[in-house]
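Novice: Just a sequence and a predicted model for now, questions to come.
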Amino acid sequence: MAGGSQQGASMRTVVAASSAGTAFEWYDFFIFGSLAQVISKTFFTGLPDAAGYIAALALFGVGFAFRPLGALVFGKIGDQAGRKGAFLATVLLMGGATFAIAFLPTYQQAGIISPILLIVLRCVQGFALGGEYGGAAIYVAEHSPPDQRGRSTSWVQTSAAFGLFGALMVILITRAAVGIEAFDAWGWRIPFAVSIGLLGVSVWMRMKLTESPAFAAMKEEGNASKAPYAEAFGQWKNLKLVILAFLSMMCAQGAVWYTSFFYVQTFMEKFLKVDPVTINELMMTATAVSAVFYVVFGWLSDKVGRKPVMLGGMTLALLFYFPGFHLLEKAANPALAEASAKAPVVVVADPADCSLQFDPVGKAAFVTSCDIVKGALANAGVSYTNEKAQAGTTAVMKVGGVEVVSQSAKGLAKAETKAVKTGVEKQIKAALAKAGYPAKADPARMNKPLILGVLFVFVIAATALFGPLAACLVELFPTRVRYTALSLPYHIGTGWVGGFVPFFAFAIVTAVGDIYAGLWYPVVFTLISVLVTAFLLPETKGRPLN
């Protein structure tokens with residue numbers, strides 16, 4: 001009896017310390033994504049609104065791009081020196097970089113140095129997070145009884161919900177305390193600065209941990225890998241598992257989770273023109289609900305298997321992407337849906353006059369007649385169809401029987417260019433308003449229960465996939481190279497696929513003109529995983545970890 005109690009207390013400590021540290025790191029990472037609009041205005045003021053917003057979303061993704069590098073570095077440390085030391089180092093790096101962002105100069109204060117420093121710190125964040133998840137998931141799984149592995153590791157998955165909820169809550173409280181104008185000017189720094197306290201708590205909790213029993217036994221027997229990279233990626237028996245993990249689980253994980261919890265925020269704020277405070281409240285509700293379901297689906301995978309639960313989640317997301325986002329428009333901004341149906345917008349332009357409006361260093365001008373009209377429509381969050389015009393023709397926007405002829409600002413001085421853009425945008429806004437397009441979502445017409453219903457479906461899909469995922473990944477790889485082999489596909493999936501969902505989806509929308517076109521990005525990656533999981537992924541429930 002006493003032994004069982006002691007073992008239970010030890011397991012609770014392991015889960016609490018691992019999950020809490022991971023939650024704090026997710027908090028650090030998520031406050032950046034949740035403040036993309038403010039970040040774009042603070043660090044990319046040299047760019048037009050649409051280009052600056054895309055640059056901020058791309059920078060959000062840059063942090064994810066460095067996660068596979070962190071996975072390789074800390075994976076090797078974890079497989080050779082131990083799990084505990086590796087993910088103690090990651091939390092120190094992550095917390096330090098996040099705290100430093102709070103004190104960065106703005107673009108107006110330091111010019112191009114400002115976004116460069118921000119990029120460097122985002123890279124450090126991504127590098128640190130690349131070693132965090134694998135260490136926490138493996139550490140918990142290697143302590144857990146085989147028949148409870150899904151439930152135990154699901155608490156590590158839940159840490160993402162706690163991190164996102166904490167980020168949204170601190171942002172909401174800070175914005176309410178200092179006011180919207182002050183928050184946009186300097187208050188956004190507070191959520192980053194708060195991370196220093198979370199860092200202290202996380203380090204203290206992790207210092208109390210000992211090494212995992214599976215790794216300790218392997219090291220005592222002298223079986224620890226001396227060349228994790230060569231074993232994990234140079235031996236086909238392990239490399240094929242890395243490829244399988246990426247294609248079966250991680251493509252969908254990146255697409256589903258970041259569409260459900262991040263791109264949906266971009267969509268509501270930028271296209272549906274929903275107030276940021278309302279979005280925060282809705283997302284906090286959805287995130288709070290999600291925390292329960294990670295554990296529910298982790299527990300369910302202990303009963304029925306990892307594969308059917310994860311396959312069900314990714315399939316639900318795949319089928320619900322387009323219907324769900326269409327429902328969001330009708331629920332959050334019904335006036336926009338009505339206007340789009342009654343008076344569709346058409347842009348008639350020479351394709352050679354149009355470009356992809358993305359330039360993070362502020363070198364491109366976007367001054368053609370096509371770029372000016374499309375930039376204005378992107379800022380208005382309005383869908384449009386493209387109609388090809390003769391070469392050299394000035395772009396025209398048509399809506400509700402009204403035509404707005406754009407202008408080119410090529411060769412003009414900065415002040416004159418701004419005047420041309422402002423004039424065209426003013427005409428476009430007037431034409432849209434006349435056709436019934438709202439400047440902002442009307443809170444009185446907003447159907448919040450329906451919005452929450454849509455978010456809830458995405459929550460079920462994301463948590464059904466993510467809840468059992470840690471256990472499945474740990475069970476898929478051998479102990480000798482588990483940290484290295486597991487971390488790389490995980491962070492390529494969540495980093496390169498998931499982290500760039502907001503950027504690529506928004507960029508696709510600005511290029512194509514359809515606010516739903518960006519959904520094809522997560523659809524393609526989710527479909528890959530559905531097929532590979534259904535036909536190639538083995539069931540791993542109950543596998544021994546040694």
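Specialist: Ah, there it is.

Novice: Count the neighbours of Gly518 for me.
Specialist: 27 (other CB atoms under 10 Å). For the C-beta atoms, the positions are set from N, CA and C on the backbone; glycine is no exception.

Novice: contacting residues around it?
Specialist: 263, 267, 504-509 (CB atoms under 8 Å, 6 or more residues apart in numbering).

Novice: Over to Gly542. Which of the three states is it?
Specialist: Under DSSP: H, G, I helix; E, B strand; the rest coil, Gly542 falls in the coil class.

Novice: Asp147 is in contact with that one, correct?
Specialist: Yes: contact criterion CB atoms under 8 Å: Gly542 and Asp147 qualify, at 6.9 Å.

Novice: okay, Thr526: pLDDT?
Specialist: Per-residue pLDDT puts Thr526 at 97.

Novice: So it belongs to a helix, correct?
Specialist: Yes: membership of Thr526 in a helix is supported by three-state DSSP.

Novice: any idea how far Val530 is from Gly313?
Specialist: Using CB to CB, to the nearest Å, Gly313 is found at 10 Å from Val530.

Novice: Of the two, which one has the most company?
Specialist: Gly313 (27 against 19).

Novice: Verify the stated contact: that one with Thr463.
Specialist: Yes: counting by CB under 8 Å, Gly313 does reach Thr463; the two are 7.1 Å apart.

Novice: intersection of neighbour lists for the two?
Specialist: Joint contacts of Gly313 and Thr463 (CB under 8 Å, 6+ apart) are Phe297.

Novice: which SS class is the residue nearest the centre of the chain?
Specialist: In the chain, the residue lying closest to the centroid (CA atoms, centre = their mean) is Tyr258, at 4.1 Å. Following three-state DSSP, Tyr258 is assigned to helix.

Novice: who touches it in this structure?
Specialist: Here Tyr258 is in contact with 494, 498-499, 501-502, 522 (criterion: CB under 8 Å, 6+ apart).

Novice: Between the residues you listed, which sits nearest Ala86?
Specialist: Distance to Ala86 across the contacts of Tyr258 (CB to CB) is lowest for Thr494, with 18.0 Å.

Novice: returning to that earlier point: between Gly542 and Asp147, who's got more neighbours?
Specialist: Using other CB under 10 Å, the more surrounded residue of Gly542 and Asp147 is Gly542, with 14 against 11.

Novice: so what's that one up against?
Specialist: Per CB under 8 Å, 6+ apart, neighbours of Gly542: 146-147.

Novice: Got the confidence number for it?
Specialist: Reported pLDDT for Gly542: 83.

Novice: so where do the strands sit in the stretch 351-500 of the chain?
Specialist: 384-388, 396-399, 402-405 (DSSP state E, counting those that start in this stretch).

Novice: So which of the ones you listed has the densest surroundings on average?
Specialist: strand 396-399 (a mean of 21; mean count of other CB atoms under 10 Å).

Novice: Check which helices and strands that one sits against.
Specialist: Strand 396-399 sits against strand 345-349, helix 369-380, strand 402-405, helix 414-434, with contacts defined as 3 or more CB pairs under 8 Å, 6 or more residues apart in numbering; DSSP states H and E.

Novice: out of the ones you listed, nearest to Gly96?
Specialist: Here helix 369-380 is closest among the helices and strands packed on strand 396-399 (CB to CB), at 35.7 Å.

Novice: Convert the closest one to CSV, retaining C-alpha atoms only.
Specialist: Output of helix 369-380 as CSV, limited to C-alpha atoms (Å, rounded to 0.1, in the frame of the first residue of the first chain):
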residue,chain,number,x,y,z
SER,A,369,-2.3,49.8,-59.6
CYS,A,370,-3.1,46.2,-59.0
ASP,A,371,-1.2,45.9,-55.7
ILE,A,372,-2.8,49.1,-54.4
VAL,A,373,-6.3,47.9,-55.0
LYS,A,374,-5.6,44.3,-53.7
GLY,A,375,-3.9,45.7,-50.7
ALA,A,376,-6.9,47.8,-49.8
LEU,A,377,-9.3,44.8,-50.2
ALA,A,378,-7.0,42.6,-48.1
ASN,A,379,-7.1,45.2,-45.3
ALA,A,380,-10.8,45.4,-45.7
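
Novice: tilt between that helix and strand 384-388?
Specialist: 170 degrees (axes from the mean of the first three to the mean of the last three CA atoms, to 10 degrees).

Novice: Can you name the residues in contact with helix 369-380?
Specialist: By CB under 8 Å, 6+ apart, helix 369-380 touches 48-51, 345, 347, 349-350, 353-355, 357, 366, 384, 394-397, 404, 406-409, 420-421, 424-425, 428-429, 432, 437, 439, 509-510, 513.

Novice: Any of those buried? List them.
Specialist: 48-51, 345, 347, 349-350, 353-354, 357, 366, 384, 394-397, 404, 406-409, 420-421, 424-425, 428-429, 432, 437, 509-510, 513 (16 or more other CB atoms under 10 Å).

Novice: Could you confirm Phe293 falls within a helix?
Specialist: Yes: under three-state DSSP, Phe293 sits within a helix.

Novice: Tell me where the model's unsure across the stretch 51-200 of the chain.
Specialist: 51-61, 78, 80-85, 87 (pLDDT under 70).

Novice: hmm, try it at 90
Specialist: 51-99, 101-102, 106-172, 175-176, 180-181, 184-185, 188, 192, 194-200 (pLDDT under 90).

Novice: all helices of it, in order?
Specialist: Remark: helices assigned in the stretch 51-200 of the chain by DSSP state H, counting those that start in this stretch are 67-80, 83-101, 107-110, 113-141, 149-178, 180-182, 189-193, 195-207.

Novice: Out of the ones you listed, flag the one nearest Ser34.
Specialist: Comparing the helices of the stretch 51-200 of the chain by CB to CB, helix 149-178 comes nearest, at 5.5 Å.

Novice: Would you quantify the distance from the closest residue to Ser144 other than its chain neighbours to Tyr437?
Specialist: Distance criterion CB to CB, 6 or more residues apart in numbering; nearest residue to Ser144, sequence neighbours excluded, is Ser152 at 3.9 Å. Note on Ser152: its distance to Tyr437, by CB to CB, is 51 Å.

Novice: same check, this time on Tyr229
Specialist: 55 Å.

Novice: Could I get the average pLDDT for stretch 408-423?
Specialist: Stretch 408-423 comes out at a mean pLDDT of 88.

Novice: ditto for stretch 204-213
Specialist: pLDDT averaged over stretch 204-213 gives 69.

Novice: go on, stretch 355-362?
Specialist: Stretch 355-362 comes out with an average pLDDT of 58.
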